[in-house]
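Engineer: Below are the sequence and a predicted model for it; my questions follow.
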Amino acid sequence: MTVDTSPAAIELRPGDFYFGAEHPRIRTLLGSCVAITLWHPLLRIGGMCHYVTPSRPPGPSAVPDGRYADEAMALFRSETARHGTALGEYQAKLFGGGVQFAPHAMAPGLNVAERNVQTGLRLLADHGLTAAAHHVGGSGHRQIIFELQTGDVWVRHQGGGR
């Protein structure tokens, strides 16, 4: 697979969120972070989030932020409503959550990659969605390319497991 470097593609960094149809491709690079893609097969619109952690640390509430899984889902809800559609009309896919450190180097309960994956699956279920495809867990990083015209997601995984 050739890496898409066309100006029509949009690159998401950790915490970024994109929804629409202006860019034919959305790309990102994931480690322990997770990306959720949503795609409307009739309208050929959709989006991707690249969240870093399951939720915001306690404190004052703020504008929804794509760094946090629960807030990224709030952004998806807002954007689908803005486009006159419901979340249930979309095809969802989930990627990432690769462990970046040796398991013995992590304190118990601090596997953010695993927590990110479990949170993403729970959030999809809470919103009546099932992942049509997923490539999660294991170790290493993943390059993700989401094609908005077809709903296809291409994954290049550098690491072990799945």
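Structural biologist: Cool, the structure landed.
Engineer: Tell me the secondary structure at Ala132.
Structural biologist: Following DSSP: H, G, I helix; E, B strand; the rest coil, the label given to Ala132 is strand.
Engineer: likewise Lys93?
Structural biologist: strand.
Engineer: Show me what it is bridged to.
Structural biologist: Under DSSP bridges, the beta-bridge partners of Lys93 are Thr37, Ala133.
Engineer: So it versus Thr53, what's the distance?
Structural biologist: Distance of Lys93 to Thr53, computed by Cβ to Cβ, to the nearest Å: 20 Å. Just so you know, the C-beta spots here come from the backbone N, C-alpha and C atoms, and that holds for glycine as well.
Engineer: How many residues are close by the closest residue in space to Val112 that isn't next to it in sequence?
Structural biologist: Using Cβ to Cβ, 6 or more residues apart in numbering and skipping residues adjacent in sequence, the residue nearest Val112 is Ser32, 5.2 Å away. When neighbours are counted by other Cβ atoms under 10 Å, Ser32 registers 22.
Engineer: what sits against Ser32?
Structural biologist: Applying Cβ atoms under 8 Å, 6 or more residues apart in numbering to Ser32 gives the contacts Gly96, Gly97, Gly98, Val99, Gln100, Val112, Ala113, Asn116.
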